[in-house]
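Enquirer: build me a model:
(2 chains)
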Amino acid sequence: AQKVTQAQTEISVVEKEDVTLDCVYETRDTTYYLFWYKQPPSGELVFLIRRNSFDEQNEISGRYSWNFQKSTSSFNFTITASQVVDSAVYFCALSEANNFNKFYFGSGTKLNVKP
Amino acid sequence: NAGVTQTPKFQVLKTGQSMTLQCAQDMNHEYMSWYRQDPGMGLRLIHYSVGAGITDQGEVPNGYNVSRSTTEDFPLRLLSAAPSQTSVYFCASSRDRSWQPQHFGDGTRLSIL
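Expert: This is a model prediction of the structure:
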């Protein structure tokens, strides 16, 4: 079974639309960390956010917001008023405090924002 | 601030050749790690280090060696390149293992013929 599932392979929106990228994870650890990364077409990787399992507060950073819900094992990412520069592949990832030699990436969601 | 610097950016090798991918960071981070990214996939952890002189295996360590003689440098060595090692390699650093990976190098695109 996949530890991190990003069911949306590709999403296309028109600029200024809001878009939510879904991430569902699976773990038996009580201490774990969830991440989102952005990989634009140029190929570099950009860290966006880290959330530990004890902090369920939602977070907002500019047009980005994250909704962490332990009850549904989800850590969803919303971009408000999307822009063309948001076009990228977005990865959700999980690490477990009891097993730092593994790092579980989702398969990524490709976001296309059209002008 | 250079952050994490990886060299080279591109490399083509023949099967059986060896080479070293260089990684250096100037943020005084204790934790450094190497990942590979295959087409259409996320990252997989190869090796990591929690400080100078300490390294450990990640999920896919076979065919790779690492060393950490200084806090700044964490080179990755391919011992005998195989076509299955064709991939994009990323080095990363973070303040500690619970934040890894956080700061990335630009990646090395490696092709093994």
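
Enquirer: what bridges to residue B:65?
Expert: Beta bridges link residue B:65 to residue B:77, judged by DSSP bridges.

Enquirer: what's the burial count for it?
Expert: Look at residue B:65: counted by other C-beta atoms under 10 Å in any protein chain shown, it has 14 neighbours. For glycine as for every other residue, the C-beta is placed from the backbone atoms N, C-alpha and C.

Enquirer: what sits against it?
Expert: Neighbouring residues of residue B:65 by C-beta atoms under 8 Å, 6 or more residues apart in numbering or on different chains: B:47, B:76-77, B:79.

Enquirer: show me which of the residues you listed is closest to chain A.
Expert: Set against chain A, the nearest of the contacts of residue B:65 by C-beta to the nearest C-beta is residue B:47 (9.2 Å).

Enquirer: so which residue of chain B comes closest to chain A?
Expert: residue B:42 (2.5 Å).

Enquirer: quickly note the distance from residue B:16 to residue A:54.
Expert: Computed as C-beta to C-beta, to the nearest Å, the residue B:16 to residue A:54 distance reads 49 Å.

Enquirer: where does residue 79 land on pLDDT?
Expert: You didn't pick a chain, so chain A it is. pLDDT recorded at residue A:79 is 97.

Enquirer: wait, chain B
Expert: So, for residue B:79, pLDDT stands at 91.

Enquirer: can you tell me the closest non-neighbouring residue to it?
Expert: residue B:18 (5.7 Å; C-beta to C-beta, 6 or more residues apart in numbering or on different chains).

Enquirer: show me what counts as buried in the helix or strand of chain A with the lowest mean pLDDT.
Expert: In chain A, no helix or strand scores lower on mean pLDDT, DSSP states H and E than strand A:99-105, which sits at a mean of 83. Neighbour-count burial for strand A:99-105 flags A:100-101, A:103-105 (criterion: 16 or more other C-beta atoms under 10 Å in any protein chain shown).

Enquirer: show the pLDDT at residue 9.
Expert: All of this is about chain A. For residue A:9, the model assigns a pLDDT of 95.

Enquirer: wrong chain, I was asking about chain B
Expert: pLDDT, residue B:9: 95.

Enquirer: give the contact list for it.
Expert: B:106-109.

Enquirer: and residue A:14, by the same measure?
Expert: Residue A:14 is in contact with A:113-115, counting by C-beta under 8 Å, 6+ apart.

Enquirer: and which of the residues you listed is nearest residue A:70?
Expert: Of all these, residue A:113 has the smallest distance to residue A:70: 30.1 Å, by C-beta to C-beta.
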